[in-house]
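*Asks:* quick one, what's the 3D model for this:
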Amino acid sequence: MTIEIRPTKPGEHRAAAAVTGAALMFPAATDEEWGKREPSWIDSDSVTAWDDGRCVGHAGAFRFDSTVPGGARLPMSGVTRVGVLPTYTRRGVLSGMMERLLRDAHADGRVLAGLRASEAVIYRRFGFGVAGEAASIRVRSKAARPVHAPAVGSTRLLARDEVLDVVPDLYDRCARRRTGTVSRSSWLFERYLEDVLGGTKPAFVAVHEDPSGTPDGYVHYSVAWDESENDDAGRGEVHDLFGVDGAVERALWAYVLGIDLIDEWRAEERPMHEAVRFALADMRAYKVRQYWDEQWLRLLDVDVALQARTYRASDLAVVVGVHDPWFPENDGTWRVDASGAKRTDDAPDLDVAIDVLSAAYLGGTTWRELADAGRVDALRRDAVDDADTLFAEHPAPFCGSFY
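*Replies:* Sure thing, here's the model as predicted:
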């Protein structure tokens, strides 16, 4: 029987959730858990695969916007909850769902698609490339102190009934200044902050305020006693830490590193090359456990994407030829210089597939890395280095939102 791939109908989300859970090794949701999760399913795009009335696969996407170099925010399809029952893998189900999902997103005006990949070998064939990485870190409190931080402003803990009134605006003002960050809906904030709002773990949000009392940064963290042999000390985890500038973020790090009883702080998702390590008394107190591919990106509309971002000041120009097997309108050649990007009939200096351009788009993956990996057809001497000059972005892109 032919497997049908179509948008998920109202009332089918829980069946789709059960399939996703089975594919990704999560237990089925209880009624109480489903009551919390259902709003996020309703507020998303959803495609399912069906065989004789049974759901056998799902691919979904949240409706975000993403900050690109220069500060523009572009509509993005945040691909998530992708899974196929093990009895239906390698039968084209995943490819069919991804094609339907991305074509619908493109038709709906989404410029970008992004995702977190459970496996790094899956999504390149759908046009995605690694556009941003993140670091998992550990910081030893005693060795890190004192932190070189400004002695202005103050920090206070938010009461539970303040959290949802304060944090969303702070996130928008502080986090969204960084390339790669995405919008967060109300249900997403509620999910991230569940422990602060009334969970079982000791979790808190501390807000930094400038001398006038205006909030200009926040840190969301949790603490616990160390359950290893070192059971007379605590361990903390930083979930979010954003400020309007580097000085505020240093002040927030100084706050958490000064909390009594905590020997070590951990964070699973921090920006690459975080500058605060240079402000610590001992920079080796800040240890990177691993770097990982935080953000996979696909350009759905090359014209809009290239024209929306800014490029570094330079008298250089590079002509990029692009090939996209799914969206013929993305095939073409663009001239990029400091003033922007536009289509051209000029011969390309660089010739790439859509996944390569997508990887380089935010400035986090360099053209030189891609060229040295054999992914770029360079047709002019120095074109790769010229592209890096124009596309460079600092600080490196960072998403910071798990979806």
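
*Asks:* shouldn't residue 334 be within a helix?
*Replies:* No. The assignment for residue 334, made by DSSP: H, G, I helix; E, B strand; the rest coil, is strand rather than a helix.

*Asks:* need the contact list for residue 180.
*Replies:* 66-67, 131-132, 295, 362, 364, 397-400 (Cβ atoms under 8 Å, 6 or more residues apart in numbering). All C-beta spots, glycine's among them, are computed from the backbone N, C-alpha and C.

*Asks:* pretty sure it belongs to a strand, no?
*Replies:* No. Counting by three-state DSSP, residue 180 falls outside a strand, being coil.

*Asks:* what are the phi and psi values for the nearest residue to residue 24 once chain neighbours are set aside?
*Replies:* Excluding the flanking residues, the one nearest residue 24 by Cβ to Cβ, 6 or more residues apart in numbering is residue 83, at 5.3 Å. Main-chain torsions, residue 83, degrees, to the nearest 10: phi -170, psi 150.

*Asks:* pretty sure residue 83 sits against residue 57.
*Replies:* Yes. Using Cβ atoms under 8 Å, residue 83 is in contact with residue 57, at 6.7 Å.

*Asks:* in the stretch 1-150 of the chain, which spans are helices?
*Replies:* For the stretch 1-150 of the chain, helices defined by DSSP state H, counting those that start in this stretch occupy the ranges 13-24, 31-42, 93-107, 141-144.

*Asks:* sorry, wrong one. I was asking about the stretch 251-400 of the chain.
*Replies:* Assigned by DSSP H, counting those that start in this stretch, the helices in the stretch 251-400 of the chain fall at 302-308, 354-360, 367-372, 383-391.

*Asks:* before we move on, the earlier item: please enumerate the shared neighbours of residue 83 and residue 57.
*Replies:* 19, 23.

*Asks:* next, count neighbours for residue 201.
*Replies:* 11 (other Cβ atoms under 10 Å).

*Asks:* residues contacting it?
*Replies:* Residue 201 neighbours (Cβ under 8 Å, 6+ apart): 195, 222, 224.

*Asks:* sorry, back to before: now render the contacts of residue 180 as JSON lines, adding distance to residue 375.
*Replies:* Below are those laid out as JSON lines (distance: Cβ to Cβ, whole Å):
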{"residue": "66", "distance to residue 375": "23"}
{"residue": "67", "distance to residue 375": "25"}
{"residue": "131", "distance to residue 375": "14"}
{"residue": "132", "distance to residue 375": "17"}
{"residue": "295", "distance to residue 375": "18"}
{"residue": "362", "distance to residue 375": "16"}
{"residue": "364", "distance to residue 375": "15"}
{"residue": "397", "distance to residue 375": "19"}
{"residue": "398", "distance to residue 375": "23"}
{"residue": "399", "distance to residue 375": "22"}
{"residue": "400", "distance to residue 375": "27"}
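
*Asks:* show the buried residues in those.
*Replies:* 66-67, 131-132, 295, 362, 364, 397-400 (16 or more other Cβ atoms under 10 Å).
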